[in-house]
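Asks: Take a look and give me a structure for this.
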Amino acid sequence: MSFETLHHAVDDGVLTVTLHRPEQLNAFTVTMADELERTFREVNDDDAVRAVIVTGSGRAFCAGMDLSTPGNVFGLDEDRRPTLADLTDLGDPELARVRDTGGRATLAIHDCRKPVVAAINGAAVGIGATMTLAMDARLMSSTARFGLVFGRLGIVPEAASSWFLPRIVGLPRALDLALSADILDAAATVENGLATASYEPDELLPAARHLVDRWTRGRSPVAVALTRQMLRRNASYDHPADAHRVDSLGMFWTSVGDGKEGVAAFLDKRAPEFTGRASEMPAFYDDWIDETR
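Replies: As a prediction, this is how the structure comes out:
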């Protein structure tokens, strides 16, 4: 795959996506949004990849939106006057310059069938911070910074962060982080529950790699994909019976798939050899994902 703002590298089943505009501190653009959305949609069908790490090139992770872009810096059509009714069908191409560009990327990350870890190597500000909230873990370099700075610019949190942030840190802390618009150092980012841990700069990527290996090496790709999506979606149901319905289908289809090999390997006291593919999910999967969008 060829990209203008990203670098891709696959090593032993792990795709490392590097935001690559180092002279602009990897500032976010509409093109970067397009390329991230494409990356996280297409990786679902790439069975050579079991997990994704996202990091930045040079001394920044992502310094936020590129504010030097001519016209509306967020890529939006200022001649439009959209309403909620206009946004019913998010797949409508006519909404391309109405929809928040960061949200297009984070929704693709949310839907991804592979675990995604942010290795935040430097400044992560604005969309550089909120894009990581859709990922499954955030690891910080000890020199990195994290800022939800929208209040300083007179705009609102984007990239669906009003959905992700309270789920990560709780509503009171989410409100404080969003309204104060503080830029946090690595220690404060961890203390606020936004990141798992901080590492010396040369230890950051190895730590991210260790984490995704713990989650995915020797695991069933189908079970990993289902588990990731069940934990993200089932907690939003109104009643646990709704989660039970999804659990039941997940258990049924994994038990007749990779679960057979898993049980046999456990009884034989050997490593399992799973053959399921995340590109070929059980029959109920697509309908369930569509229903919970």
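Asks: So which elements touch the top helix by length along the chain?
Replies: Counting residues, the longest helix in the chain under DSSP state H turns out to be helix 240-255. In terms of contacts (3 or more CB pairs under 8 Å, 6 or more residues apart in numbering; DSSP states H and E), helix 240-255 is packed against helix 221-233. Any C-beta I mention is one placed from the backbone N, CA and C, and that applies to glycine too.
Asks: Which positions in the helix it packs on come out as buried?
Replies: Within helix 221-233, the residues that count as buried by 16 or more other CB atoms under 10 Å are Pro221, Val222, Ala223, Val224, Ala225, Leu226, Thr227, Arg228, Gln229, Arg232, Arg233.
Asks: Show residues contacting that helix.
Replies: Applying CB atoms under 8 Å, 6 or more residues apart in numbering, the external contacts of helix 221-233 come out as 47, 50, 110-115, 136, 215-216, 243, 246-247, 250, 253-254, 257-259, 274, 276-278, 280-282, 285, 288-289, 292.
Asks: I'd like the distance between the residue lying closest to Asp89 once chain neighbours are set aside and Val49.
Replies: In space, Asp89 comes closest to Leu95 once its chain neighbours are excluded; the distance is 7.7 Å by CB to CB, 6 or more residues apart in numbering. Computed as CB to CB, to the nearest Å, the Leu95 to Val49 distance reads 29 Å.
Asks: higher neighbour count, the two?
Replies: With other CB atoms under 10 Å as the criterion, Leu95 and Val49 differ in neighbour count, and Val49 comes out ahead with 20 against 17.
Asks: Could you pull up the mean pLDDT of stretch 23-42?
Replies: Stretch 23-42 shows an average pLDDT of 96 in the prediction.
Asks: now stretch 103-123
Replies: Stretch 103-123 comes out at a mean pLDDT of 97.
Asks: and that stretch, how far from the chain's centre?
Replies: The chain centre lies 2 Å from the centre of stretch 103-123; the measure is CA atoms, centre = their mean, to the nearest Å.
Asks: what do you get for stretch 17-36?
Replies: On the basis of CA atoms, centre = their mean, stretch 17-36 sits 15 Å off its chain's mean C-alpha point.
Asks: ditto for stretch 236-247
Replies: 23 Å.
Asks: try stretch 184-194
Replies: 19 Å.
Asks: Give me the buried positions along that stretch.
Replies: Within stretch 184-194, the residues that qualify as buried are Leu184, Ala186, Ala188, Thr189, Val190, Asn192, Leu194, counting by 16+ other CB under 10 Å.
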